[in-house]
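[1] quick one, what's the 3D model for this:
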Amino acid sequence: MDFVTAFGPTVLGLAAGLIIASYLWSRLRSASIAILVWVGIAVGVGQVTFFAGFPEWQPSDWLGFMIFGTLAFAPAGILLLIALRVRQVKDVLDVIPTSALVATQAYRIGGVFLLLAFMRGELPAEIGLVSGVLDLTVAVTAVALALFLRGREDQAPRLVIAWAILGLVDFGWAATALSLSFLGLWSLSPAPVMMGNPPLLVISLFALPFGIFIGVYLIFRMRALMRSQ
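    Numbers count the residues shown, from 1 in each chain. From the prediction side, this is the model:
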């Protein structure tokens with residue numbers, strides 16, 4: 001079990017990145033290579049300890065908190081700008097089936113590692129338990145929704161939007177809980193410092209920003225579809 005918890009998030013991140021990159025290879029090679037580089041960086045940086053004071057925050061954690069926040073959320077904004085502004089990328093995304101985009105979030109089965117961290121006393125229930133269960137829910141429903149949409153990609157835009165919102169709420173809850181805890185506005189025990197340390201850090205550096213991008217992009221796509229119907 002120690003081996004699984006120590007290396008599981010990294011293996012899952014690598015597997016998800018390779019599958020997504022493989023799918024994009026024949027469609028937009030530059031995007032495929034970018035995903036591989038991103039995953040490689042996430043795995044490398046994911047071995048760094050941003051918050052060394054487990055189980056409590058330390059005054060010196062401010063720098064780590066700012067770097068962590070930037071690396072966790074900035075990529076999602078950059079991806080959205082590229083998806084909406086770069087014609088070649090936009091054209092490729094337009095022809096990727098909605099079911100395929102939804103299916104990418106099956107990697108959020110990684111929520112099991114949050115649950116394991118909670119059971120080991122490394123994360124508070126507010127993140128380890130709540131976000132772990134939400135992640136697993138998003139992952140299971142991603143597979144079910146992707147199967148439902150195959151062959152009828154444009155038939156349930158409201159359902160896709162609702163699912164995407166659930167995924168974003170999951171991320172929003174975890175980010176809010178972590179931030180309020182760090183700022184001293186919400187007393188969590190232990191403090192969620194392990195979200196910024198290995199082995200869980202790779203989740204925050206790849207799964208989180210990519211999931212935000214997919215969720216927001218799908219909402220944009222489905223809203224545009226509803227306006228055109």
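[2] and the helices in the chain?
    With helices called from DSSP state H, the chain shows them at 2-25, 29-45, 61-85, 87-95, 98-103, 111-119, 130-149, 157-182, 201-202, 208-228.
[3] buried deepest among the ones you listed, which one?
    helix 201-202 (a mean of 26; mean count of other Cβ atoms under 10 Å). (Glycine included, C-beta is placed from N, CA and C.)
[4] outside of that one, which residues touch it?
    With contact meaning Cβ atoms under 8 Å, 6 or more residues apart in numbering, helix 201-202 is reached by 9-10, 13, 42-43, 45-48, 50, 195.
[5] now stretch 84-104
    16, 20, 23-24, 27-28, 31, 82-83, 142-143, 145-147, 149-150, 153-154, 160, 163, 210, 214, 217-218, 220-222.
[6] related to what we said a few turns ago, would you format the helices of the chain as CSV with mean pLDDT and distance to Ala191 included?
    Listed next are the helices of the chain as CSV, based on pLDDT from 0 to 100; distance: least, Cβ to Cβ, whole Å:
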stretch, mean pLDDT, distance to Ala191
helix 2-25, 92, 19
helix 29-45, 95, 21
helix 61-85, 95, 9
helix 87-95, 92, 38
helix 98-103, 97, 34
helix 111-119, 96, 13
helix 130-149, 98, 15
helix 157-182, 97, 5
helix 201-202, 94, 15
helix 208-228, 96, 19
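[7] if I look at the residue nearest to Leu147 when sequence neighbours are not counted, how far off is Leu145?
    Spatial nearest neighbour of Leu147, excluding adjacent residues (Cβ to Cβ, 6 or more residues apart in numbering): Ser99 at 7.6 Å. From Ser99 across to Leu145, the span is 8 Å (Cβ to Cβ, to the nearest Å).
[8] do Leu18 as well
    Distance from Leu18 to Leu145, by Cβ to Cβ: 23 Å.
[9] now do Thr70
    Distance from Thr70 to Leu145, counting by Cβ to Cβ: 31 Å.
[10] my guess is Phe213 contacts Ala76. True?
    Yes - contact status for Phe213 versus Ala76: in contact at 4.7 Å, counting by Cβ atoms under 8 Å.
[11] now for Phe51: which residues touch it?
    Contacts of Phe51 by Cβ under 8 Å, 6+ apart are 57-58, 61, 64-65, 68, 193-194, 196-197.
[12] next one, pLDDT for the residue lying closest to Ser181 once chain neighbours are set aside please.
    With Cβ to Cβ, 6+ apart as the criterion, Ser181 has its nearest non-adjacent residue at 4.5 Å, and that residue is Leu188. pLDDT for Leu188: 97.
[13] what residues are up against Leu188?
    124, 126-127, 177, 181.
[14] measure the residue nearest to Leu147 to Pro209 for me?
    22 Å.
[15] can you check Arg108 too?
    For Arg108 relative to Pro209 (Cβ to Cβ), the value is 13 Å.
[16] how much space between Gly167 and Val48?
    27 Å.
[17] make that Phe148, sorry
    Remark: distance between Phe148 and Val48 (Cβ to Cβ) = 40 Å.
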